[in-house]
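*Asks:* pasting a predicted model and its sequence here:
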Amino acid sequence: MIDRRKLIGASVAAAGVAVLGLPSTATAFSYDDDELTPHQSLARLMAGNLRWVHDRMLDRRPTSWRRRQVAEAQHPKAVVFSCIDSRVPPEYVFDQDLGEVFVVRTAAHALDPMVLGCIEYGPAHGVPLVFVMGHTRCGAIQATVEAIEDGVHHPGNLPAIIAALTPAYYRAAPTFQAHWSREQRVNAIVTAQIELATGTLRNDPLLVDTDTLIVGGRYSLDTGRVSLVN
Ligand SMILES: [Zn+2]
């Protein structure tokens with residue numbers, strides 16, 4: 001793995017040169033041009049998640065320097081498709097900097113054609129990995145359980161989300177144990193939704209043509225850890 005701290009340090013030094021009016025050599029230190037295989041990209045995300053879990057996130061908050069560095073071009077190494085939940089921002093969960101990941105988010109990572117197009121955009125431009133990230137105690141999944149089991153009617157356009165998540169409910173339902181709590185059922189449906197989304201993406205004609213690695217994982221709100229699902 002690339003030593004990002006050294007790179008950032010080098011970038012800061014290069015920025016100092018630029019301030020003095022000399023030509024910036026920043027691009028010589030950029031890691032954005034590195035070509036990653038799909039599995040290298042996955043390893044990079046999982047290493048970032050370990051840093052997040054253990055409070056060891058890299059000291060590289062988005063600075064004006066980094067903002068300028070990526071202003072002209074972006075070279076993200078993964079697409080992360082996740083839930084809209086405010087507690088699971090992919091850049092935090094995987095400790096990624098500005099310009100390092102495409103992020104697509106919908107309630108419980110539900111797919112429709114426009115969302116599929118957003119995910120396809122990265123691999124169509126050379127991004128080697130799509131990571132589908134669900135999370136425990138997902139509120140959208142809870143709302144789906146309430147609609148199906150309790151007959152709760154949700155207002156506005158929320159029923160469109162319920163409809164998109166209903167197949168995951170029925171995929172998981174045969175695995176429900178009688179003694180399970182609702183939270184346990186919700187978590188099983190989250191996993192089913194991850195499996196359904198990754199299955200759809202693996203059969204997506206554009207993604208198949210690009211040899212993109214498509215992986216699913218479930219984030220624990222309690223530990224911060226992302227566990228691979230399949
Ligand atoms: Zn959620």
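*Replies:* Ah, there it is.

*Asks:* got the confidence number for T63?
*Replies:* Note for T63: predicted pLDDT of 83.

*Asks:* neighbours of it, how many?
*Replies:* 15 (other C-beta atoms under 10 Å). All C-beta spots, glycine's among them, are computed from the backbone N, C-alpha and C.

*Asks:* measure it to the ion for me?
*Replies:* Distance of T63 to the ion, given as C-beta to the ion, to the nearest Å: 31 Å.

*Asks:* again with D204
*Replies:* 22 Å.

*Asks:* how about the residues of the protein that lie near the ion?
*Replies:* C83, D85, C138, A140 (C-beta under 5 Å from the ion).

*Asks:* tell me the most packed of those residues, by neighbour count.
*Replies:* Ranking these using other C-beta under 10 Å puts C138 first, with 26 neighbours.

*Asks:* so it makes contact with V186?
*Replies:* Yes - contact criterion C-beta atoms under 8 Å: C138 and V186 qualify, at 6.5 Å.

*Asks:* sorry, back to before: max pairwise distance over the residues of the chain next to the ion: which two?
*Replies:* Comparing every pair within these by C-beta to C-beta identifies D85 and A140 as the most remote, at 8.1 Å.

*Asks:* the residue nearest the centre of the chain sits in which helix or strand?
*Replies:* The centre of the chain sits closest to V80, judged by C-alpha atoms, centre = their mean, with a distance of 2.5 Å. For V80, the host element (DSSP states H and E) is strand 78-82.

*Asks:* return the set of buried residues in the top helix by length along the chain.
*Replies:* Counting residues, the longest helix found in the chain (DSSP state H) is helix 182-202. Residues of helix 182-202 classed as buried: 185-198, 201 (neighbour count, 16 or more other C-beta atoms under 10 Å).

*Asks:* now that helix, how far from the centre of its chain.
*Replies:* The chain centre lies 15 Å from the centre of helix 182-202; the measure is C-alpha atoms, centre = their mean, to the nearest Å.

*Asks:* contacts for the helix or strand that comes right after that helix?
*Replies:* Once helix 182-202 ends, the next helix or strand along the chain (criterion: DSSP H and E) is helix 205-209. Outside helix 205-209, the residues that touch it by C-beta atoms under 8 Å, 6 or more residues apart in numbering are I119, E120, P123, A124, V130, L201, R202, I214.

*Asks:* for helix 205-209, the averaged confidence score.
*Replies:* Helix 205-209 carries an average pLDDT of 93.

*Asks:* counting neighbours, what do you get for D95?
*Replies:* By other C-beta under 10 Å, neighbour count at D95 equals 22.

*Asks:* just checking, next helix/strand downstream of the worst-scoring helix or strand of the chain on mean pLDDT?
*Replies:* Ranked by mean pLDDT, DSSP states H and E, the weakest helix or strand in the chain is helix 26-29, scoring a mean of 32. Going down the chain from helix 26-29, the next helix or strand is helix 38-53, by DSSP H and E.

*Asks:* which neighbouring elements make contact with that next one?
*Replies:* strand 78-82, helix 90-93, strand 129-135, strand 213-219 (3 or more C-beta pairs under 8 Å, 6 or more residues apart in numbering; DSSP states H and E).
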